[in-house]
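Enquirer: my questions concern the predicted model and sequence given below.
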Amino acid sequence: MVQMKSLAKARPDGQVESESPLQLAFMAPRLQGDLYPEGRLELALWGCGNMANVFFEPWSGPFVYGPNRLTTEAHGLYVAQSAPVLALTGTVLKSVRPATRCAWWGTLTQPEPVKRSGTRRIASTAWGLTIIEDRGDGVIVISAGASQAEVERGLALSTEAIIAEAQAHALRCDLLPKAPPLLRSMAIQSAHASLSSIRRAEDGSFLGLAAGQAYSAPTRTYYRDGYWTLQALLHLDLDAVRDQIDLLATGIQPDGEAPSGVILTGPQQGLEWEKFRTTSPDYRTEHLRPTDWWSDHFDSPLFFILTIGDYVRVTGDETVLVRHWKTVEAIYRRYLSFDKAGNGLPQKPRHDRDWADNVFRHGYVAYDLGLWVGALDVIAKFGKAIDAYVADEAQTTSIKARASLDGVLLTPGGWYADYGTREDFVEDHLTLDSLTLLRFEAVSPERAKIVLGHVANLLETRNNDKQPYGDWGVMCAWPPFKRPADTRAKSAFAYRYHNGSDWPYLSGLYAEQRLKYGLEGWDYPMLRWWQTSLDNGWIGSVEYFAPPFGRGSLLQGWTGMSAAAILQYRQKIEAAIAAGNVR
């Protein structure tokens, strides 16, 4: 996977350059897709699905990449923000092909022939249309929409306005303009991942935080991915955080159960998805309701409470908690029912429905318990004026939970085991997701620093010579899982997926905790994943990666965790930059 020579490098202006043409994933409030400078543009629309493929004469490099933007001396891609439209400059159009299905699971259709009307080519599907307009001098403007009216709104923008909107978005993402090239470019891409996750409906209303560019069919928003994604938005766009809370509330059942995500499809895609969901043997047993994406996830309801708590903490606006108090209490009661030992700690059933969805974790799961303690603190701190009895009960439970934690999960090595029970089986390796215990202060500062020391020694690949691939990132788990029966699919392989890959969002969480506890070395988890991405020519924030298995999807929203850490601890980071202590 790792290249001998880096395929891309960071520039002082925060952009990335390469001699070779590299895939650029882009994502705006409605429009999204991939540009391949060799001569192909793939377009999709949030809520609708795949729209069209556009083919053009290959571009020549060198290539310069930024958020939703790619330029060369003669060519350019610029994606607007206010409408689903983009501009290509210095481009010779070859052909256009409408999508034949909204997603891989949709019904295969015979598309209408592309129509011509003056300088326009029109590609129609049953779920929307795309219009490609040749404005002369190599300028091609492409607008997509669920309706003719939406497309025309995009085409009403001048080329100059489209370019200006793309440039304004890139400027908004530039969090550390005085940072060295690697840190500055990483901060830009991390902020872009979070900001571009804010998605809109055809009428401009909020339609969820996207987990990433590859998570639009069926259109959905997640409790966990959304939580980590919105940590940066707490500093950048509080309206989106509030709207996300109200949207996620619609997916929670009266007993406090919640799916992994809430489905938000448009009319045509929704019909296709429902047809597939109810007829596929695998999908209908996992997605139990029309709006459920993977029903009954153990961590999702806790993230809902944590999101409310973060919003109230930042804004002081407690009306959102009042509005959803009954749901919060139902979630609280649900988790109390999982406390089998009466020690304040809920035990997870043996299934693969939390973040580690390729692992059958059971019993006391460190990651979930960190979320639980954090949720208890939200109820105890902000719920007193609504229901003092429940708030006090949650406070008592949190004290009990913290007191019980070491007895069930603390290992002789000084970190917290991944999951299990002493009576059955304990997977005692160290995981990055166990840092939720630190983030939500379920453990003492002294213990937190001990754990972070073990993370540096065992999970930072630069310090762990027992893993065979050298210095490439921060592993999410070490050593690999002991019990093969507890893993499935990609995580069945050592170093792959939940079994040791670098997940940049978790690396961002780790960097945040080092900053929080005043420890040096926060820059390694922030920057190592980005350097590996540049080495391999992956433009933008990746989902996960590990040698020798390659990467996950591009433009992953929760990779905004590095931006969140920068925004939370900007003064510390800027001081380190000024002192020349960051590369």
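Expert: Okay, I see it. Numbering: from 1, shown residues only.
Enquirer: looks to me like Asp465 is in a strand.
Expert: No - counting by DSSP: H, G, I helix; E, B strand; the rest coil, Asp465 is not found in a strand; it is coil.
Enquirer: use 518 as the first number from now on
Expert: Sounds good: first residue 518 from here, last item Asp982.
Enquirer: quick check, pLDDT for it.
Expert: Looking at Asp982, its pLDDT is 97.
Enquirer: tally of neighbours for it?
Expert: 9 (other Cβ atoms under 10 Å). In short, each C-beta sits where N, CA and C put it, glycine included.
Enquirer: and Glu536, how many neighbours?
Expert: Counted with other Cβ under 10 Å, Glu536 comes out at 11.
Enquirer: measure it to Thr589 for me?
Expert: Distance of Glu536 to Thr589, computed by Cβ to Cβ, to the nearest Å: 11 Å.
Enquirer: now Arg867
Expert: Remark: distance between Arg867 and Thr589 (Cβ to Cβ) = 53 Å.
Enquirer: ok, Pro529 next?
Expert: Distance, Pro529 to Thr589, by Cβ to Cβ: 18 Å.
Enquirer: who touches Leu560 in this structure?
Expert: Leu560 sits next to Leu548, Gln549, Gly550, Asn567, Met568, Ala569, Asn570, Val571, Thr647, Ile659, Ala661 when contact means Cβ atoms under 8 Å, 6 or more residues apart in numbering.
Enquirer: on that earlier part again, could you check which of Arg867 and Thr589 is surrounded by more residues?
Expert: A count of neighbours by other Cβ under 10 Å puts Thr589 above the other of Arg867 and Thr589, at 18 against 13.
Enquirer: tell me how far that one lies from Gly653.
Expert: For Thr589, the distance to Gly653 - Cβ to Cβ - is 20 Å.
Enquirer: ditto for Ser702
Expert: Counting by Cβ to Cβ, the gap from Ser702 to Gly653 is 34 Å.
Enquirer: any chance of the contacts of Leu560 in a markdown table, with secondary structure too?
Expert: Shown next, in a markdown table, are the contacts of Leu560 (three-state DSSP):
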| residue | secondary structure |
| --- | --- |
| Leu548 | strand |
| Gln549 | strand |
| Gly550 | strand |
| Asn567 | strand |
| Met568 | strand |
| Ala569 | strand |
| Asn570 | strand |
| Val571 | strand |
| Thr647 | strand |
| Ile659 | strand |
| Ala661 | strand |
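Enquirer: the residue nearest to Thr606 when sequence neighbours are not counted and Val581: what is the separation?
Expert: Spatial nearest neighbour of Thr606, chain neighbours left out: Gly593 (4.2 Å); criterion: Cβ to Cβ, 6 or more residues apart in numbering. Gly593 sits at a distance of 9 Å from Val581 (criterion: Cβ to Cβ).
Enquirer: so who does the nearest residue to Pro694 once chain neighbours are set aside touch?
Expert: Spatial nearest neighbour of Pro694, excluding adjacent residues (Cβ to Cβ, 6+ apart): Arg701 at 6.8 Å. Taking Cβ under 8 Å, 6+ apart as the criterion, Arg701 is in contact with Ala527, Pro529, Asp530, Gly531, Asp691, Leu693, Pro694, Lys695.
Enquirer: which stretches of the stretch 818-967 of the chain form strands?
Expert: In the stretch 818-967 of the chain, the strands defined using DSSP state E, counting those that start in this stretch lie at 865-868, 878-880, 936-937, 943-944, 947-948.
Enquirer: can you tell me which of these is most buried?
Expert: Across these, averaging neighbours per residue (mean count of other Cβ atoms under 10 Å) puts strand 936-937 on top, at a mean of 26.
Enquirer: what's in contact with that strand?
Expert: If you take Cβ under 8 Å, 6+ apart as the criterion, strand 936-937 is touched by Lys865, Arg878, His879, Gly880, Tyr881, Val882, Ala883, Val943, Glu944, Asp945.
Enquirer: of those, which pair is most distant in space?
Expert: Maximum pairwise distance in the contacts of strand 936-937, criterion Cβ to Cβ, is 16.4 Å, between Lys865 and Asp945.
Enquirer: which regions of the stretch 618-767 of the chain lie under the pLDDT threshold?
Expert: Within the stretch 618-767 of the chain, no stretch has pLDDT under 70.
Enquirer: mind listing the helices for it?
Expert: All helices of the stretch 618-767 of the chain, identified by DSSP state H, counting those that start in this stretch, fall at 665-672, 676-689, 698-712, 740-753, 755-766.
Enquirer: buried ones from the contacts of Arg701, can you make that a ChimeraX selection?
Expert: A single ChimeraX command selects the buried members of these (16 or more other Cβ atoms under 10 Å):
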select :527,530,531,691,693
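Enquirer: including distance to Thr953, could the contacts of Arg701 go into CSV?
Expert: Formatted as CSV, these follow (distance: Cβ to Cβ, whole Å):
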residue, distance to Thr953
Ala527, 31
Pro529, 36
Asp530, 36
Gly531, 31
Asp691, 30
Leu693, 26
Pro694, 32
Lys695, 32
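Enquirer: ok, of the contacts of Arg701, which one's closest to Ala1011?
Expert: Within these, proximity to Ala1011 (Cβ to Cβ) peaks at Ala527, which comes in at 31.0 Å.
Enquirer: give me every residue that touches that closest one.
Expert: By Cβ under 8 Å, 6+ apart, the contact list for Ala527 reads Val533, Pro698, Leu699, Arg701, Ser702, Met703, Leu1051.
Enquirer: excluding its backbone neighbours, what's nearest the fifth one?
Expert: Looking back up the chat, that one is Ser702. Computed as Cβ to Cβ, 6+ apart, the closest residue to Ser702 that is not its neighbour in sequence is Ala527, at 4.0 Å.
Enquirer: same question for the second one.
Expert: Here the nearest residue to Pro698 in space, its sequence neighbours aside, is Ala527; by Cβ to Cβ, 6+ apart that works out to 3.9 Å.
Enquirer: distance of the one you found relative to Ile1090?
Expert: Computed as Cβ to Cβ, the Ala527 to Ile1090 distance reads 17 Å.
Enquirer: likewise Val829?
Expert: 26 Å.
Enquirer: do a quick rundown of the helices in the stretch 768-917 of the chain.
Expert: 784-796, 798-803, 817-832, 836-840, 842-853, 883-899, 905-926.
Enquirer: can you put these in JSON lines and add distance to Ala1063 and mean pLDDT?
Expert: Listed next are the helices of the stretch 768-917 of the chain as JSON lines, based on distance: least, Cβ to Cβ, whole Å; pLDDT from 0 to 100:
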{"stretch": "helix 784-796", "distance to Ala1063": "31", "mean pLDDT": "93"}
{"stretch": "helix 798-803", "distance to Ala1063": "26", "mean pLDDT": "91"}
{"stretch": "helix 817-832", "distance to Ala1063": "25", "mean pLDDT": "98"}
{"stretch": "helix 836-840", "distance to Ala1063": "39", "mean pLDDT": "98"}
{"stretch": "helix 842-853", "distance to Ala1063": "33", "mean pLDDT": "98"}
{"stretch": "helix 883-899", "distance to Ala1063": "19", "mean pLDDT": "98"}
{"stretch": "helix 905-926", "distance to Ala1063": "26", "mean pLDDT": "98"}
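Enquirer: wait, Ala637 sits on Leu646?
Expert: Slight slip there: residue 637 is Arg, not Ala. No - if you go by Cβ atoms under 8 Å, Arg637 and Leu646 don't touch, sitting 11.0 Å apart.
Enquirer: can you mark which positions in stretch 807-824 are buried?
Expert: 808-824.
Enquirer: what's the first-to-last distance across it?
Expert: One end of stretch 807-824 to the other measures 24 Å (Cα to Cα, to the nearest Å).
Enquirer: just how off-centre is that stretch within its chain?
Expert: Computed by Cα atoms, centre = their mean, to the nearest Å, the chain-centroid distance of stretch 807-824 equals 15 Å.
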